[in-house]
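*Asks:* Can you look at this prediction? I've put the sequence above it.
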Amino acid sequence: MLDVNLFRAEKDRVRESLRRRYASVDLVDKITRLDEEWCQRQFDLDALNNELNNINNRLIMLRLDATEVINSANDVTRQNEENEKEVQAAKRSELDATEVINSAIDVKRRKEEKEKEVEAAKSLLYSTLETIGNLVHDSVPVSDDEAKNAVIRTVGVRRMEKGLKSHVDLVTLLDIVNLEKGSDVAGSRGYYLKGDGVLLNRALINFGLASLTSRGYTLMQTPFFMRNAIMGKCAQLTQFDEELYKVTGMEDEKYLIATAEQPLCAYQFGERIDPTDLPIRYAGFSTCFRKEVGSHGRDTLGIFRVHQFEKIEQFCITSPNDNDSWDMHEEMLKNSEDFYKELGLPYQVVAVVSGALNDAAAKKYDLEAWFPASETYRELVSCSNCTDYQSRKLGTVFGQKKDNEQEEQFVHMLNSTLTATERTICCILENYQREDGVEIPKVLVPFMGGKTFIPFKKVPIKETKSASKKKSK
């Protein structure tokens, strides 16, 4: 989430970012009003705390005075008349103490009520603050139409011949996926990977992990589900309805992860990271689960957009200072580009328009690979710099606060897909198809046990029809 101080000192900057996101700028005024209400209640609470401290100090003095009077009254060397005066003074002190104690009880009651008001005002402020997206970077193209994503570069030679088979047909011809039985068992978009499909999937995973290991990444196999309270710090509100599967029947509420980014984001929850430990580079491997609500009709055939898939995710943490996170953003994109260059897949890199950014991202690149059967580019990689948007909510602090700093700094967090393997398989099949099967990209051959080619195990429908015609003649 954003720093509330931005709404106190840089309102125009926040308004401009909201305009770029095509969100209501009225949210700035709403946050300002909620912030003022919270601050006023906090001011009132501080006043009550001071009043209570003064009362406690007065009680201490009254007790000291009463003790002194009683000791004096017990002094046998004093005259009876003087003793009587001391006794009366002690009674007056006792009455004063009773009055002060009653006053303390009243202040404590009002303090408890005010504490509840402060907590409620703070909760409302921060829950509203969480609905506002990160500050959009100045280099992001401003539009709410994804068709206007800015093409940064195009790499590789595209296959343009007509009549190429789609990945939907190819998985059936190769007999590497069973969609029908997967749907029977798991429901819509369920599938079984079979035979060489399993080998190809594992080859991509092992090649991807080896690639990131060679670049200094720490390998991480993450949990597949997260506690509700922790997921709430890593996922935006819309994801709970549109993306995340809820796990029931456990001691506390949990959600299946939609990406390894989520558990990696939470890995250093509440920690203070020493600057000398940065940057941190994690290569997260996990199975991911997504409901994909609202995606009906969009690439839902085959295994391109499914509810369960394997994924390797880059997750990096940097200093919030200088240009560190922006340099890392480019480095992570290069890692993904190199991966697809080595696979020999044509692609283009686009800068995603401001209106299509998710809340956490200040800037996002997509890598879209070429699918020759449909003659289009499809997204295989998303690479985002989330700056300190996630770390502030997680309380992941950068170093120790210096004496001249009013506020603590939070680390910057970035994420990028390396490969969602089922999608990458679809792209490989279309680009490496031949008349009688599919070639294996050279870099994957060592991970496929030396296998270089997967032949068709089923006859294409067109060939079957032509063979039937010949027989009938």
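*Replies:* That came through fine. Numbers count the residues shown, from 1 in each chain.

*Asks:* make it CA atoms for all contacts and neighbour counts henceforth
*Replies:* Fine.

*Asks:* All the strands of the stretch 251-400 of the chain, in order from the start?
*Replies:* 254-256, 272-273, 280-289, 308-318, 347-351, 363-371, 376-385, 397-398 (DSSP state E, counting those that start in this stretch).

*Asks:* nearest to Arg33, of those?
*Replies:* strand 397-398 (27.6 Å; CA to CA).

*Asks:* Rounded mean pLDDT for the closest one, please.
*Replies:* Per-region confidence: strand 397-398 scores 97 on mean pLDDT.

*Asks:* next one: that strand to chain centre, how far?
*Replies:* On the basis of CA atoms, centre = their mean, to the nearest Å, strand 397-398 sits 17 Å off its chain's mean C-alpha point.

*Asks:* Can you spell out which helices and strands pack onto that strand?
*Replies:* Counting contacts by 3 or more CA pairs under 8 Å, 6 or more residues apart in numbering; DSSP states H and E, strand 397-398 packs against strand 272-273.

*Asks:* tell me which residues of stretch 201-211 are tucked away?
*Replies:* Buried positions in stretch 201-211, judged by neighbour count with 16 or more other CA atoms under 10 Å: Asn201, Arg202, Ala203, Leu204, Ile205, Phe207, Gly208, Leu209, Ser211.

*Asks:* Then stretch 3-14?
*Replies:* Those would be Phe7, Val14, for stretch 3-14 by 16+ other CA under 10 Å.

*Asks:* so how far does that stretch reach from one end to the other?
*Replies:* Stretch 3-14 has an end-to-end distance of 11 Å (criterion: CA to CA, to the nearest Å).

*Asks:* which residues make contact with it from outside it?
*Replies:* For stretch 3-14, contacts defined as CA atoms under 8 Å, 6 or more residues apart in numbering pick out Val28, Ile31, Thr32, Asp35, Leu129, Leu135, Arg392.

*Asks:* which of those residues has the most neighbours?
*Replies:* Within the contacts of stretch 3-14, Leu135 tops the neighbour count with 24 neighbours, counted by other CA atoms under 10 Å.

*Asks:* which ones are touching that residue?
*Replies:* Going by CA under 8 Å, 6+ apart, Leu135 touches Leu2, Val14, Ser17, Leu18, Ala362.

*Asks:* and the closest residue to Leu301 other than its chain neighbours, how many residues sit next to it?
*Replies:* In this structure, Leu301 finds its nearest non-sequential neighbour in Val168, 6.4 Å apart by CA to CA, 6 or more residues apart in numbering. As a burial measure, Val168 scores 19 neighbours (other CA under 10 Å).

*Asks:* on that earlier part again, give me the subset of the buried residues of stretch 201-211 lying in helices.
*Replies:* Among those, the members found in helices (DSSP state H) are Asn201, Arg202, Ala203, Leu204, Ile205, Phe207, Gly208, Leu209, Ser211.

*Asks:* Now tell me which of the strands of the stretch 251-400 of the chain the model trusts least on average.
*Replies:* Lowest mean pLDDT within the strands of the stretch 251-400 of the chain: strand 254-256, a mean of 94.

*Asks:* Return the list of helices and strands in contact with that one.
*Replies:* strand 225-227, helix 228-234, strand 246-247.

*Asks:* Generate CSV for those, with mean neighbour count, mean pLDDT and distance to Tyr267 as supplementary columns.
*Replies:* Formatted as CSV, the helices and strands packed on strand 254-256 follow (neighbours: other CA atoms under 10 Å; pLDDT from 0 to 100; distance: least, CA to CA, whole Å):
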stretch, mean neighbour count, mean pLDDT, distance to Tyr267
strand 225-227, 17, 94, 11
helix 228-234, 18, 91, 10
strand 246-247, 15, 90, 20
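
*Asks:* Ok, which of those comes nearest Thr396?
*Replies:* helix 228-234 (11.5 Å).

*Asks:* after the closest one, next one along is what?
*Replies:* Using DSSP states H and E, the next helix or strand after helix 228-234 towards the C-terminus is helix 237-242.

*Asks:* In that next one, which residues are buried?
*Replies:* Buried residues in helix 237-242, counting neighbours by 16+ other CA under 10 Å, are found at Gln239, Phe240.

*Asks:* returning to that earlier point: make TSV from the contacts of stretch 3-14 and add secondary structure, distance to Asn102 and pLDDT to it.
*Replies:* Below are the contacts of stretch 3-14 laid out as TSV (DSSP: H, G, I helix; E, B strand; the rest coil; distance: CA to CA, whole Å; pLDDT from 0 to 100):
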residue	secondary structure	distance to Asn102	pLDDT
Val28	helix	44	96
Ile31	helix	39	96
Thr32	helix	38	96
Asp35	helix	34	94
Leu129	helix	41	94
Leu135	coil	51	98
Arg392	helix	43	96
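
*Asks:* can you tell me which of these lies nearest to Ile257?
*Replies:* Arg392 (20.9 Å).

*Asks:* ok, back up a step: would you list the ones in helices among the buried residues of stretch 201-211 in CSV and tack on pLDDT?
*Replies:* Below are those laid out as CSV (pLDDT from 0 to 100):
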residue, pLDDT
Asn201, 98
Arg202, 98
Ala203, 98
Leu204, 98
Ile205, 98
Phe207, 98
Gly208, 98
Leu209, 98
Ser211, 98
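
*Asks:* Among these, which one lies nearest to Phe224?
*Replies:* Closest to Phe224, out of all of those and judged by CA to CA, is Ile205, at 16.8 Å.

*Asks:* Confirm that Leu418 sits in a strand.
*Replies:* Yes: assigned with DSSP: H, G, I helix; E, B strand; the rest coil, Leu418 falls within a strand.

*Asks:* Contact partners for it?
*Replies:* Gly208, Lys311, Ile312, Glu313, Gln314, Asn335, Ser336, Phe339, Val381.

*Asks:* How much space separates it from Tyr282?
*Replies:* From Leu418 over to Tyr282 (counting by CA to CA), the distance is 12 Å.

*Asks:* Quick check: neighbours shared by these two?
*Replies:* Joint contacts of Leu418 and Tyr282 (CA under 8 Å, 6+ apart) are Gln314.

*Asks:* Now stretch 175-183 - C-alpha only, PDB.
*Replies:* Extracted C-alpha coordinates of stretch 175-183, given in PDB (Å, rounded to 0.1, in the frame of the first residue of the first chain):
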ATOM      1  CA  ASP A 175      -1.000 -38.100 -27.000                       C
ATOM      2  CA  ILE A 176       0.700 -36.100 -24.200                       C
ATOM      3  CA  VAL A 177      -2.500 -34.700 -22.600                       C
ATOM      4  CA  ASN A 178      -5.900 -36.200 -21.800                       C
ATOM      5  CA  LEU A 179      -8.400 -33.400 -21.500                       C
ATOM      6  CA  GLU A 180     -11.500 -35.500 -21.500                       C
ATOM      7  CA  LYS A 181     -10.600 -37.600 -18.500                       C
ATOM      8  CA  GLY A 182      -9.100 -34.500 -16.800                       C
ATOM      9  CA  SER A 183     -12.400 -32.800 -17.200                       C
END
